[in-house]
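> Just need the structure, nothing else, for what follows:
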Amino acid sequence: MGARDVTASSPEAPQYPVGPFVPEDGYGHLRREELIAQILQAPAALRAAVHGLTAAQLEARYRNWTVRQIVHHIADSHLNAFIRFKLALTEDRPTIKPYDQAGWAELADGRTASHEISLSLLEWLHRRWVVLLNSMTPTDFSRTFRHPESGVLTLIQTLSLYAWHGRHHVAHISTLRQRMNW
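Prediction:
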């Protein structure tokens, strides 16, 4: 049985190695700054997590997705988040369109494209996102959008979610590396 098979079906691979996302009751100025810093640092953390992996290791699975698919998923997800911020800042409580994350991960670009493409994309996307985030007022962070499945979300809740999201998936890769002794 290869490494891919062991990691794909392994029950000890935790779904939430950094813990599940838990929305907070209040987000003060210092907490916003901390979350923005996490967004800025996420691409470097992801790059460090995949540094030196071989082509075969990039195809190893952590639960349902390969490492390559996880990297591309983060880029897909954070692109959508950036657009959701811009919609909420320019429209009155827009309804955003969810997307089939698993379906996107199975498309050719998610399965076969170089992970470097999404690493570079994330570095530039997060730099631009941070410019936007740093320009926002507390009132801007209270703006909302409606997600058909999750309901009404504020931008500060969404920022917290995506700061967690980056840590969550980096931990998937780091946990896999540790378990496989890479």
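> Determine the longest helix present in this structure.
helix 155-180 (DSSP state H).
> So which elements touch it?
helix 3-9, helix 29-50, strand 61-62, helix 67-90, helix 138-141, strand 144-147 (3 or more CB pairs under 8 Å, 6 or more residues apart in numbering; DSSP states H and E). All C-beta spots, glycine's among them, are computed from the backbone N, C-alpha and C.
> would TSV of those with mean pLDDT and distance to Tyr162 be doable?
Listed next are the helices and strands packed on helix 155-180 as TSV, based on pLDDT from 0 to 100; distance: least, CB to CB, whole Å:
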stretch	mean pLDDT	distance to Tyr162
helix 3-9	42	26
helix 29-50	96	7
strand 61-62	96	20
helix 67-90	98	5
helix 138-141	96	13
strand 144-147	98	13
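> what's the most buried one of these?
Mean neighbours per residue, mean count of other CB atoms under 10 Å, is largest over the helices and strands packed on helix 155-180 for strand 61-62, with a mean of 23.
> on that earlier part again, quick one: the helices and strands packed on helix 155-180 as JSON lines, columns for distance to Glu116 too.
Rendered in JSON lines, the data for the helices and strands packed on helix 155-180 read as follows (distance: least, CB to CB, whole Å):
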{"stretch": "helix 3-9", "distance to Glu116": "21"}
{"stretch": "helix 29-50", "distance to Glu116": "9"}
{"stretch": "strand 61-62", "distance to Glu116": "19"}
{"stretch": "helix 67-90", "distance to Glu116": "9"}
{"stretch": "helix 138-141", "distance to Glu116": "33"}
{"stretch": "strand 144-147", "distance to Glu116": "31"}
